[in-house]
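Q: After the sequence you'll find the predicted model.
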Amino acid sequence: MAADAKISEFKSRDADTISITINGQTEGYTIIKIFPFTSERKAMSIVLQHPTEAKAICFVKGADSSVFPMCEGYSIHGKGTSGLNPSDPNGKIYEVERSVEDMAKKGLRTLLYGKKEI
């Protein structure tokens, strides 16, 4: 899965596989591990085996307080991404953090998604 690929749709899932449409093409991934949501972790994750390459991909969704610290370059004490270049994949963390804070001030609930190739 290229860095510029867009996930357009999670198509289907059974006990062992998941189908994802990426850039208009459906690909089948084998499920390696599912980490269910817990109130302690405030997130859930799924690890998938890439169908054609020797790598796995981890998708996570959860509360901002859980997902932001998982992001490379994120600093809890410094708040945001002072040392990241905006062209880096995680260079927009500060913008996302501000958007989440703005939505929270309006009383809206937020859910963050992340992906990492492992």
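A: Noted; the coordinates are in hand.
Q: what about the longest helix in the protein?
A: In the chain, assigned by DSSP state H, the helix with the most residues is helix 93-105.
Q: Report the next helix or strand after that helix in sequence order.
A: Counting by DSSP states H and E, the element after helix 93-105 in chain order, helix or strand, is strand 112-117.
Q: strands paired with that next one, and their directions?
A: Here strand 112-117 is paired, per DSSP bridges, with strand 56-62 (antiparallel).
Q: Buried residues, the strand it pairs with. List them.
A: By neighbour count on 16 or more other Cβ atoms under 10 Å, the buried set for strand 56-62 is 56-60, 62. Where you see a C-beta, it was placed from the backbone N, CA and C, and this is true even at glycine.
Q: Can you give the contact residues for the following helix or strand past that strand?
A: The helix or strand immediately downstream of strand 56-62 is helix 64-67, counting by DSSP H and E. With Cβ atoms under 8 Å, 6 or more residues apart in numbering as the test, helix 64-67 has contacts from 41-43, 60-61, 97, 100, 110, 112-114.
Q: In TSV, list these along with pLDDT.
A: Output for the contacts of helix 64-67, formatted as TSV (pLDDT from 0 to 100):
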residue	pLDDT
R41	90
K42	94
A43	95
V60	94
K61	94
E97	86
V100	91
T110	91
L112	91
Y113	88
G114	87
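Q: Please identify which two of these are farthest apart in space.
A: Across those, the longest distance by Cβ to Cβ is 19.8 Å; it joins R41 and E97.
Q: quick one, which of these two is more surrounded?
A: Neighbour count, other Cβ atoms under 10 Å: between R41 and E97, E97 has more, with 18 against 14.
Q: For the more buried one, give its distance to I22.
A: The spacing between E97 and I22, counted by Cβ to Cβ, to the nearest Å, is 27 Å.
Q: circling back: how far is the longest helix of the chain from where the chain is centred?
A: In terms of Cα atoms, centre = their mean, to the nearest Å, the centre of helix 93-105 is set 16 Å apart from its chain centre.
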